[in-house]
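# below are the sequence and a predicted model for it; my questions follow.
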Amino acid sequence: MADDPTHESAPIDRAAWGARFGWIVGASIGLGVGFFALYALETVALKGRADATAVATKLASVVVPACFLLGAISGHQLGARRGERWYKALGVAAGITLLTIAWVLLSIAR
(Lines give C-alpha, C1' and ligand atoms only; values in the text may rest on other atoms or scores of the structure.)
Protein backbone atom coordinates (compact mmCIF):
# COMPACT_ATOMS: atom_id res chain seq x y z
CA MET A 1 0.00 0.00 0.00
CA ALA A 2 2.89 2.38 0.69
CA ASP A 3 3.98 2.19 -2.96
CA ASP A 4 0.49 2.86 -4.29
CA PRO A 5 0.38 6.53 -5.38
CA THR A 6 -3.43 6.55 -5.36
CA HIS A 7 -3.61 5.49 -1.72
CA GLU A 8 -4.03 8.44 0.60
CA SER A 9 -3.10 8.09 4.23
CA ALA A 10 -5.63 9.11 6.83
CA PRO A 11 -5.21 12.68 8.06
CA ILE A 12 -3.68 13.08 11.50
CA ASP A 13 -6.12 14.29 14.13
CA ARG A 14 -3.84 16.85 15.74
CA ALA A 15 -6.31 17.71 18.50
CA ALA A 16 -6.61 14.07 19.61
CA TRP A 17 -2.87 13.47 19.47
CA GLY A 18 -2.22 16.77 21.23
CA ALA A 19 -4.46 15.60 24.06
CA ARG A 20 -2.66 12.25 24.23
CA PHE A 21 0.76 13.88 24.25
CA GLY A 22 -0.46 16.35 26.86
CA TRP A 23 -1.62 13.44 29.02
CA ILE A 24 1.80 11.78 28.83
CA VAL A 25 3.67 14.98 29.64
CA GLY A 26 1.28 15.98 32.42
CA ALA A 27 1.31 12.54 34.03
CA SER A 28 5.10 12.40 33.95
CA ILE A 29 5.45 15.87 35.44
CA GLY A 30 2.84 15.04 38.08
CA LEU A 31 4.73 11.88 38.99
CA GLY A 32 7.95 13.84 39.35
CA VAL A 33 6.24 16.52 41.44
CA GLY A 34 4.77 13.85 43.72
CA PHE A 35 8.15 12.24 44.35
CA PHE A 36 9.81 15.62 44.85
CA ALA A 37 7.08 16.72 47.28
CA LEU A 38 7.60 13.59 49.37
CA TYR A 39 11.37 14.03 49.28
CA ALA A 40 11.00 17.63 50.45
CA LEU A 41 8.53 16.57 53.12
CA GLU A 42 10.87 13.93 54.47
CA THR A 43 14.10 15.92 54.30
CA VAL A 44 12.88 19.44 55.09
CA ALA A 45 9.51 19.47 56.83
CA LEU A 46 10.05 16.38 58.97
CA LYS A 47 13.78 16.82 59.45
CA GLY A 48 14.89 15.60 62.84
CA ARG A 49 11.85 13.41 63.52
CA ALA A 50 12.59 9.78 64.16
CA ASP A 51 9.59 8.61 62.14
CA ALA A 52 10.06 10.90 59.10
CA THR A 53 10.50 7.99 56.69
CA ALA A 54 7.45 6.18 58.06
CA VAL A 55 5.27 9.29 57.71
CA ALA A 56 6.50 9.94 54.17
CA THR A 57 5.92 6.30 53.26
CA LYS A 58 2.32 6.44 54.47
CA LEU A 59 1.68 9.68 52.60
CA ALA A 60 3.28 8.31 49.42
CA SER A 61 0.30 6.06 48.74
CA VAL A 62 -1.93 9.12 48.48
CA VAL A 63 0.32 11.97 47.33
CA VAL A 64 2.07 10.32 44.36
CA PRO A 65 -1.10 8.92 42.70
CA ALA A 66 -2.94 12.19 43.33
CA CYS A 67 -0.15 14.21 41.70
CA PHE A 68 -0.01 11.71 38.82
CA LEU A 69 -3.76 12.00 38.18
CA LEU A 70 -3.80 15.76 38.59
CA GLY A 71 -0.92 16.10 36.14
CA ALA A 72 -2.48 13.67 33.65
CA ILE A 73 -5.87 15.37 33.70
CA SER A 74 -4.32 18.85 33.48
CA GLY A 75 -2.03 17.80 30.65
CA HIS A 76 -4.89 16.17 28.76
CA GLN A 77 -7.01 19.28 29.16
CA LEU A 78 -4.18 21.52 27.98
CA GLY A 79 -3.46 19.23 25.05
CA ALA A 80 -7.13 19.02 24.09
CA ARG A 81 -7.50 22.79 24.20
CA ARG A 82 -4.24 23.74 22.50
CA GLY A 83 -3.33 20.49 20.74
CA GLU A 84 -4.05 21.82 17.30
CA ARG A 85 -1.32 24.46 17.62
CA TRP A 86 1.02 22.73 20.09
CA TYR A 87 0.89 19.29 18.48
CA LYS A 88 4.59 19.10 17.60
CA ALA A 89 5.82 20.68 20.82
CA LEU A 90 3.72 18.31 22.93
CA GLY A 91 4.94 15.35 20.89
CA VAL A 92 8.58 16.32 21.39
CA ALA A 93 7.97 16.93 25.10
CA ALA A 94 6.27 13.53 25.44
CA GLY A 95 9.18 11.81 23.71
CA ILE A 96 11.78 13.56 25.85
CA THR A 97 9.80 12.81 29.01
CA LEU A 98 9.47 9.11 28.18
CA LEU A 99 13.16 8.86 27.31
CA THR A 100 14.09 10.58 30.57
CA ILE A 101 11.94 8.16 32.56
CA ALA A 102 13.53 5.23 30.74
CA TRP A 103 17.02 6.62 31.47
CA VAL A 104 16.20 7.07 35.16
CA LEU A 105 14.80 3.53 35.43
CA LEU A 106 17.83 2.07 33.67
CA SER A 107 20.15 4.05 35.94
CA ILE A 108 18.34 2.77 39.02
CA ALA A 109 18.34 -0.81 37.73
CA ARG A 110 22.10 -0.80 37.30
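That came through, no problem.
# host element of the most centrally placed residue in the chain?
Central residue of the chain (Cα atoms, centre = their mean): residue 28, 1.6 Å from the mean position. Residue 28 belongs to helix 14-40 when elements are defined using DSSP states H and E.
# by contact count, what packs against that helix?
helix 52-109 (3 or more Cβ pairs under 8 Å, 6 or more residues apart in numbering; DSSP states H and E). The way it works is simple: take the backbone N, C-alpha and C, and place the C-beta from them, glycine included.
# residue 48 in helix, strand or coil?
Under the three-state scheme (DSSP: H, G, I helix; E, B strand; the rest coil), residue 48 adopts coil.
# point out where the chain drops to low pLDDT.
Flagging of the chain using pLDDT under 70 yields the residue ranges 1-7.
# returning to that earlier point: looks like the residue nearest to the centre of the chain contacts residue 97 (just checking).
Yes: if you go by Cβ atoms under 8 Å, residue 28 and residue 97 touch, sitting 4.2 Å apart.
# tell me the contacts of residue 16?
Residue 16 makes contact with residue 83, according to Cβ atoms under 8 Å, 6 or more residues apart in numbering.
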